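**Student:** Only the shape, not the letters, is given here:
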């Protein structure tokens, strides 16, 4: 298991946006941290009230947004407009090309969210969009599947052999995940702290696990985690 500590991430501070980059992104370049398997980007973003990302383009990328606090307004060139709130998972397949914008609609509160990019299994998909909500109860004390290649269990569908689980845990709660043969896991701690295979991980920390078998996660304090199961 390899640990990626929060303090070792890249940081971009634009005033209205404060963004930590787990992997190389924009002006932050680290050849040792270019991604993990098909997982290319995990940016932890905080956007000031009334600010946001103007219209910009993407192509051939599966983009997931996961809001931790506040609200994020989305608009795109394929006709979608929505507000993403805690518990929501938004998936935008950029495919052959899409324009979109993201904005904090609040005049008084910041928005704190994770932007995740996964490389698709091939280029040239038609752009598409999906958003689903997963209640607090669905994620409490367990790992809830929120993204998968086939949309199983009500998850959003991504064009890649990858599954994403989300869970929230109270002090002392534990969860066990069996990583199958030939699979790889990336565990990102969004909030709180957990013990994983004898290592303590705090908010913003992550662990790459490259050996199949059981993964034991115990919340050292109230925690929210994302677990990627990757081919």
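**Tutor:** Cool, the structure landed. Bear in mind the structure is a predicted one, so any value in this text is a computation, not a measurement.
**Student:** so who does the most centrally placed residue in the chain touch?
**Tutor:** A centroid search over the chain (CA atoms, centre = their mean) returns residue 116, at 4.4 Å, as the residue closest to the centre. Going by CB atoms under 8 Å, 6 or more residues apart in numbering, residue 116 touches 39, 41, 42, 43, 63, 64, 65, 66, 164, 226. In this view, the C-beta of every residue, glycine as well, is placed from N, C-alpha and C.
**Student:** One more: residue 212?
**Tutor:** Residues touching residue 212, when contacts are defined by CB under 8 Å, 6+ apart, comprise 179, 180, 181, 182, 183.
**Student:** could you measure it against residue 192, distance?
**Tutor:** Separation of residue 212 from residue 192 (CB to CB, to the nearest Å) stands at 27 Å.
**Student:** same question, residue 158
**Tutor:** 26 Å.
**Student:** If you count surrounding residues, which of those two has more?
**Tutor:** residue 158 (25 against 19; other CB atoms under 10 Å).
**Student:** any idea how far residue 216 is from that one?
**Tutor:** Note on residue 158: its distance to residue 216, by CB to CB, is 26 Å.
**Student:** Now residue 77. Nearest residue, chain neighbours left out?
**Tutor:** residue 99 (3.9 Å; CB to CB, 6 or more residues apart in numbering).
**Student:** go on, residue 230?
**Tutor:** Spatial nearest neighbour of residue 230, chain neighbours left out: residue 37 (4.0 Å); criterion: CB to CB, 6+ apart.
**Student:** Also residue 95?
**Tutor:** In space, and not counting its chain neighbours, residue 95 is closest to residue 125: 3.9 Å by CB to CB, 6+ apart.
**Student:** so who does the one you found touch?
**Tutor:** Contacts were defined as CB under 8 Å, 6+ apart; by that measure residue 125 touches 60, 93, 95, 96, 159.
**Student:** Can you tell me which of these are buried?
**Tutor:** 60, 93, 95, 159 (16 or more other CB atoms under 10 Å).
**Student:** Dump these to a markdown table, plus distance to residue 133.
**Tutor:** Rendered in a markdown table, the data for the buried ones among the contacts of residue 125 read as follows (distance: CB to CB, whole Å):
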| residue | distance to residue 133 |
| --- | --- |
| 60 | 27 |
| 93 | 19 |
| 95 | 24 |
| 159 | 22 |
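**Student:** So which of those residues is the closest to residue 80?
**Tutor:** Using CB to CB, residue 93 is the member of those that lies nearest residue 80, at 11.7 Å.
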